[in-house]
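Trainee: Fold the following for me, if possible:
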Amino acid sequence: QVHLVESGGGLVQAGGSLRLSCAASGRTFSGYTMAWFRQPPGKDREFVAGITWSGSGTTYYATSVKGRFTISRDNAKNTAYLQMNSLKPEDTGVYYCAASLRVGLVTQRSEYDYWGQGTQVTISS
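Mentor: Purely as a prediction, here's the structure:
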């Protein structure tokens, strides 16, 4: 069992930045693929970014955030991060951290085993 807790959400103006954190507890954090999903108002939850567990981690991103967001992890601190720059109003939503035991590029919601409670991100225009 892995328990995930997100933090760092808030309200910022378009063009601004936020850094989300995901603190993990329970089973060995380093063995999990980690990802961030988001759920815009009235829409389905969507994949944002992922990072594999081995070494410094291979990262992959949704097209809509590539070049603006950076996912990282610190296995020693059992924490994953999402640095979000050049934020746009369409980035608004609840952001969720997720963990998966599957290897490789894992982008489907159904492939993730554990989820945090979410943190609200609101971007004003």
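
Trainee: Pick out the residue nearest the middle of the protein.
Mentor: Closest to where the C-alpha atoms of the chain average out (CA atoms, centre = their mean) is residue 36, at 2.1 Å.

Trainee: and that one, what element?
Mentor: Mapping residue 36 onto the secondary structure by DSSP states H and E places it in strand 33-39.

Trainee: Name the residues of that strand that are buried.
Mentor: Within strand 33-39, the residues that qualify as buried are 33, 34, 35, 36, 37, 38, counting by 16 or more other CB atoms under 10 Å. For the C-beta atoms, the positions are set from N, CA and C on the backbone; glycine is no exception.

Trainee: The third one and residue 9, how far apart?
Mentor: Plainly put, residue 35 is 16 Å away from residue 9 if you go by CB to CB, to the nearest Å.

Trainee: what do you get for the first one?
Mentor: Between residue 33 and residue 9 the distance is 22 Å, computed by CB to CB.

Trainee: Poorly predicted segments of this structure, please.
Mentor: Using pLDDT under 70 as the threshold, the predicted model of the chain has low-confidence ranges 55-56.

Trainee: how about the strands in it?
Mentor: Taking DSSP state E as the criterion, the chain carries its strands at 2-7, 10-13, 18-26, 33-39, 46-51, 59-61, 69-74, 79-84, 93-100, 114-115, 119-124.

Trainee: Note down every partner strand of the fourth one and its orientation.
Mentor: Note on strand 33-39: by DSSP bridges, its sheet partners are strand 46-51 (antiparallel), strand 93-100 (antiparallel).

Trainee: a markdown table please, covering these and showing mean neighbour count and distance to residue 15.
Mentor: As requested, the strands paired with strand 33-39 are arranged in a markdown table below (neighbours: other CB atoms under 10 Å; distance: least, CB to CB, whole Å):
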| stretch | mean neighbour count | distance to residue 15 |
| --- | --- | --- |
| strand 46-51 | 22 | 19 |
| strand 93-100 | 24 | 18 |
